[in-house]
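Enquirer: need a 3D model of the following:
(2 chains)
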Protein chains: 2
Amino acid sequence: MSLTAVLDRIDAQMPDATARLLEFLRIPSISTDPAYAEACQDAADWLVADLQSIGIAAEKRATPKHPMVVGHAGQDAPDGAPHLLFYGHYDVQPVDPLELWARDPFDPAVEQTPKGEVIRGRGTSDDKGQLMTFVEACRAWREVHGALPCRITFFFEGEEESGSPSLIPFMQENAEELRADIALICDTGLFQSKTSAIVTMLRGMVSEEVTITGPDKDLHSGFFGGIAANPIRVLSKVLAGLHDDTGRVTLPGFYDGIPELSPELRAQWEGLGFDHAQFLGDVGLSQPAGEDGRMPLEMIWSRPTAEVNGIWGGYTGDGFKTVLPSQASAKISFRLVEGQDPDAIRDAFRAHVNAALPVDCSAAFTAHGGSRAGIMDISDPAFEAARAALSEEWPGDAAYVGCGGSIPIAGHFGEILGMTAMLIGFGKDDDAIHSPNEKYDMESFHKGTRSWARILDALSGAKE
Amino acid sequence: MSLTAVLDRIDAQMPDATARLLEFLRIPSISTDPAYAEACQDAADWLVADLQSIGIAAEKRATPKHPMVVGHAGQDAPDGAPHLLFYGHYDVQPVDPLELWARDPFDPAVEQTPKGEVIRGRGTSDDKGQLMTFVEACRAWREVHGALPCRITFFFEGEEESGSPSLIPFMQENAEELRADIALICDTGLFQSKTSAIVTMLRGMVSEEVTITGPDKDLHSGFFGGIAANPIRVLSKVLAGLHDDTGRVTLPGFYDGIPELSPELRAQWEGLGFDHAQFLGDVGLSQPAGEDGRMPLEMIWSRPTAEVNGIWGGYTGDGFKTVLPSQASAKISFRLVEGQDPDAIRDAFRAHVNAALPVDCSAAFTAHGGSRAGIMDISDPAFEAARAALSEEWPGDAAYVGCGGSIPIAGHFGEILGMTAMLIGFGKDDDAIHSPNEKYDMESFHKGTRSWARILDALSGAKE
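Expert: Just a heads-up that it's a prediction; the model follows:
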């Protein structure tokens, strides 16, 4: 009864919610470009004012770069109701190449498209539109009930698109204030643009750069070819040796400690109807190229990988130069899953390279980052409650899914604040985040807002 | 007696010869840069005038780019004397980076160095200084004897440093005029800067570029890593598979038809005292990295190679991007020796790549050039005569040597004019040709000139 009224309120206030989102989107809060530092302040101020307008004690908090916004509400909620933290980010990606945009990226508008209404503009999907689904749900709830159903901490950052340099120190310094029972993050998408989903597995990553040096200067392959060690050949051999013929990574111990998928999760994933032919077909491929005998969703969600992300050495311009180069380099990343230790993987890779070096060749390594996989504890009843709530709003059953990429914030909540994070979002595959003509479907905005109302209802009840 | 007078004359006229060379060097005849087209005309004019000054009927001959200089002398030489052709090039390499030069590259001078007197400037060693050793020998001969000892055709081009686009058409169109008994080319060096040498083996070359395409666009390795084919991995495997563990190239038929070194040549090469430890030590290496069981000089002179000269793909800038690239490319060259067919080697390489392609990957090839190895017929008595003459001038016995690189002109004389070429030069390893501060040792200039007088004497006698 009370939820129905909130949902009705959300439906009724969609024009106003859209107008607010458009206002928020007009602020060009590009975090990575110092020219937009003032706009980042403006975006934080806008959020503070908007939160305050619905009775949330919010304030802007300085960092060495762009400010955080922290708000608190519902301290007077009933005993037993959970304390939630909601995270989003108000900063956006740069907009270049500007000439590929069909409209000014910071003059957003609602457009009719053959697939339905969309809001077009930078930040619509990543992450201002998604962030506002939660705020709008809170607004409707409060307008109907006069208060939020549980204690909620709002936590917005403005550096997500530029590496979040202030995030960890801020979380550490304000741990007591930020700690809650569970973190809600709205920065992900629907599964294949249609099935609502909670991301419960994030792959970790080890990224590494290696440079192999042979001769101490570039040589002429006419004079030295055949007698001098060629670092490109050495590097090729190193990289070719990273996988066996079945697609498995050959580093000793690489698969140690990795659990097999539980029968429940396997069944759920099989039920998702993942169309890998279409997924690959969209990028010009036809067959899964991972480990033999693994289903495609495993390959991208729950199995580790070794990929070469870049390689260079010798002459790479037009025409031909018969250089026998002094050096060759590659950037290699390993996507990690549950059970894998980034440091051990990095050590194993370096040992693999060093063992393959012939006489007269040396290797230098640069570590570019390492993080463990993020595995959410779905035994927390909040997960099943949220999944049931999503299943009410969207067609079909909501699913626990993986995410092949890394979302560092989820790990930070676990490591710094001891909180599980629940990643729920409503983006679609064609939202063009980080690209020209970014959009967010009006369906995502509307049903996303309704989803959060349902989840608030379910979680406040779940802890009773 | 007659030779002694010529050698004395050479010694006496060294100051004048040096002055002439300095004048020639002041003309900035950079062939690859259109801004210096007029200077190339000037250099050709200078040569015509210099040849005419010693009684040679010389003229500038237009080509679509820089002119040739052709001269004839000695048509009245005794019956039975051979007809020689001498080839050199008057164009020079560009001079950038100019800031690394200790002096204006076109304001040459004689400098005292700890190793002796040198002429410093662009083109001193490559090839104006070398070219003038022959001209000065002819001048002295004529001044002593009133005529040259045999018929000589002079043939100088101005495009050697920019790919010689006019050379083959000019040789074809003027074949009758240019054909002689043997071609003399002065554009090579002393063996290890001390032993006089005739180059009798030049490796050929096949150069090839390959691009492997997997997905039809760059992908994010978080979303696609583990399921999508990675062209860098495919390319690495292709390249790693080009050699076996003994350093041999694995392409089928690669070694077919290659003769083993003759016992005589092997003995001569063994007698050269090639210091491979120093040769490699100069570039930071310690051990020959070629085929097991081959002596180092074989590796660079008479054995074929496969080298990767360049590789690129994915993200190669600072930091890290987890791109899974659409394409990866490499430039590969094969140095060929006697018995190998460039077309067959190219076909075998392409078949090797295509056989290694997994599903969803394709390869595109660009041929950058192909030439057979050049093997001089040392059974022509001119070779032993020239070798004996060089051995008179320089310490130790002159040697037949190989050259790991390719000197296309030698092949053109054989293919177009049916002439054997004898490559004799006096450059040293530290001449810095193609680099800043190029120099030519005064010893090279002086003893080089004397060497040609001895060779003229020996060859005119050899045919009697």
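Enquirer: rest of the way, CA atoms for contacts and neighbours
Expert: Noted.
Enquirer: please parse chain A into its domains.
Expert: Following automatic domain parsing, chain A resolves into domains at A:2-202+A:373-462, A:204-258+A:304-371.
Enquirer: any chance of those in CSV, plus mean pLDDT and mean neighbour count?
Expert: Listed next are the domains of chain A as CSV, based on pLDDT from 0 to 100; neighbours: other C-alpha atoms under 10 Å in any protein chain shown:
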stretch, mean pLDDT, mean neighbour count
domain A:2-202+A:373-462, 95, 20
domain A:204-258+A:304-371, 95, 21
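Enquirer: reformat the ones you listed as CSV; add distance to chain B.
Expert: Compiled in CSV, the domains of chain A are given as follows (distance: least, C-alpha to the nearest C-alpha, whole Å):
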stretch, distance to chain B
domain A:2-202+A:373-462, 4
domain A:204-258+A:304-371, 4
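Enquirer: B:Leu22: which of those is closest?
Expert: Closest to B:Leu22 of these is domain A:204-258+A:304-371 (C-alpha to C-alpha; 29.2 Å).
Enquirer: of all the domains of chain A, which lies closest to B:Tyr90?
Expert: domain A:204-258+A:304-371 (22.7 Å).
Enquirer: thinking again about what came up before, what's the closest of the domains of chain A to B:Thr18?
Expert: B:Thr18 sits nearest to domain A:204-258+A:304-371 of all the domains of chain A, at 30.4 Å, using C-alpha to C-alpha.
Enquirer: check A:Ala277 and give its pLDDT.
Expert: The model reports A:Ala277 with a pLDDT of 94.
Enquirer: which non-adjacent residue is nearest the spatially most central residue of chain A?
Expert: Central residue of chain A (C-alpha atoms, centre = their mean): A:Ile407, 3.9 Å from the mean position. In space, and not counting its chain neighbours, A:Ile407 is closest to A:Leu202: 6.9 Å by C-alpha to C-alpha, 6 or more residues apart in numbering or on different chains.
Enquirer: now do the contacts for A:Ile10.
Expert: Listed by C-alpha atoms under 8 Å, 6 or more residues apart in numbering or on different chains, the contact partners of A:Ile10 are A:Glu136, A:Ala137, A:Ala140, A:His446, A:Thr449, A:Arg450.
Enquirer: can you rerun that using 6 Å?
Expert: Shown in contact with A:Ile10 (C-alpha atoms under 6 Å, 6 or more residues apart in numbering or on different chains): A:Ala140.
Enquirer: equivalent analysis for A:Ala398, please.
Expert: Going by C-alpha under 6 Å, 6+ apart, A:Ala398 touches A:Ser196, A:Ala197, A:Arg387, A:Leu390, A:Ser391.
Enquirer: what's the helix or strand the fourth one falls within packed up against?
Expert: Secondary structure assigned from DSSP states H and E places A:Leu390 in helix A:381-393. Contacting helix A:381-393 under the criterion 3 or more C-alpha pairs under 6 Å, 6 or more residues apart in numbering or on different chains; DSSP states H and E are the following elements: helix A:442-462.
Enquirer: name the helices or strands packed onto the helix it packs on?
Expert: Applying 3+ C-alpha pairs under 6 Å, 6+ apart, we find helix A:442-462 packed against helix A:129-145, helix A:381-393.
Enquirer: quick one: the very next helix or strand once past the shortest one to helix A:381-393, angle?
Expert: In this case it means helix A:381-393. Per DSSP H and E, the first helix or strand lying C-terminal to helix A:381-393 is strand A:399-403. Interaxial angle, strand A:399-403 versus helix A:381-393 (axes from the mean of the first three to the mean of the last three C-alpha atoms, to 10 degrees): 110 degrees.
Enquirer: pairing partners for whichever strand or helix holds A:Val206, with directions?
Expert: According to DSSP H and E, A:Val206 maps onto strand A:204-213. Here strand A:204-213 has these sheet partners by DSSP bridges: strand A:327-336 (antiparallel), strand A:362-371 (antiparallel).
Enquirer: what comes into contact with that strand?
Expert: By C-alpha under 6 Å, 6+ apart, strand A:204-213 touches A:231, A:326-336, A:342, A:361-373, A:406.
Enquirer: quick one: residues contacting the nearest residue to A:Glu209 once chain neighbours are set aside.
Expert: Of all residues not flanking A:Glu209 in the chain, A:Lys331 sits nearest, at 4.4 Å (C-alpha to C-alpha, 6+ apart). Residues in contact with A:Lys331 (C-alpha under 6 Å, 6+ apart) are A:Glu208, A:Glu209, A:Val308, A:Asn309, A:Gly310.
Enquirer: how about JSON lines for these, with distance to B:Leu272 added?
Expert: Converted to JSON lines, the contacts of A:Lys331 look like this (distance: C-alpha to C-alpha, whole Å):
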{"residue": "A:Glu208", "distance to B:Leu272": "46"}
{"residue": "A:Glu209", "distance to B:Leu272": "43"}
{"residue": "A:Val308", "distance to B:Leu272": "46"}
{"residue": "A:Asn309", "distance to B:Leu272": "47"}
{"residue": "A:Gly310", "distance to B:Leu272": "44"}
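Enquirer: nearest to B:Asp380 among those?
Expert: For those, the nearest to B:Asp380 is A:Gly310 (53.5 Å; C-alpha to C-alpha).
Enquirer: what is that closest one paired to in the beta sheet?
Expert: Beta-bridge partners recorded for A:Gly310 (DSSP bridges): A:Lys331, B:Gly314.
Enquirer: partner residues bridging the residue nearest to A:Phe365 when sequence neighbours are not counted?
Expert: Spatial nearest neighbour of A:Phe365, excluding adjacent residues (C-alpha to C-alpha, 6+ apart): A:Val210 at 4.6 Å. Taking DSSP bridges as the rule, A:Val210 bridges to A:Ala330, A:Phe365.
Enquirer: and if you look at A:Ile182?
Expert: Beta-bridge partners recorded for A:Ile182 (DSSP bridges): A:Leu84, A:Thr420.
Enquirer: residue contacts, it?
Expert: Residues counted as contacts of A:Ile182 (C-alpha under 6 Å, 6+ apart) are A:Leu84, A:Met419, A:Thr420, A:Ala421.
Enquirer: ok, and the closest non-adjacent residue to the last one?
Expert: Leaving out its chain neighbours, the residue that sits closest to A:Ala421 by C-alpha to C-alpha, 6+ apart is A:Ala183, at 4.5 Å.
Enquirer: same check on A:Arg122?
Expert: Using C-alpha to C-alpha, 6+ apart, the closest residue to A:Arg122 is A:Pro105 (5.1 Å).
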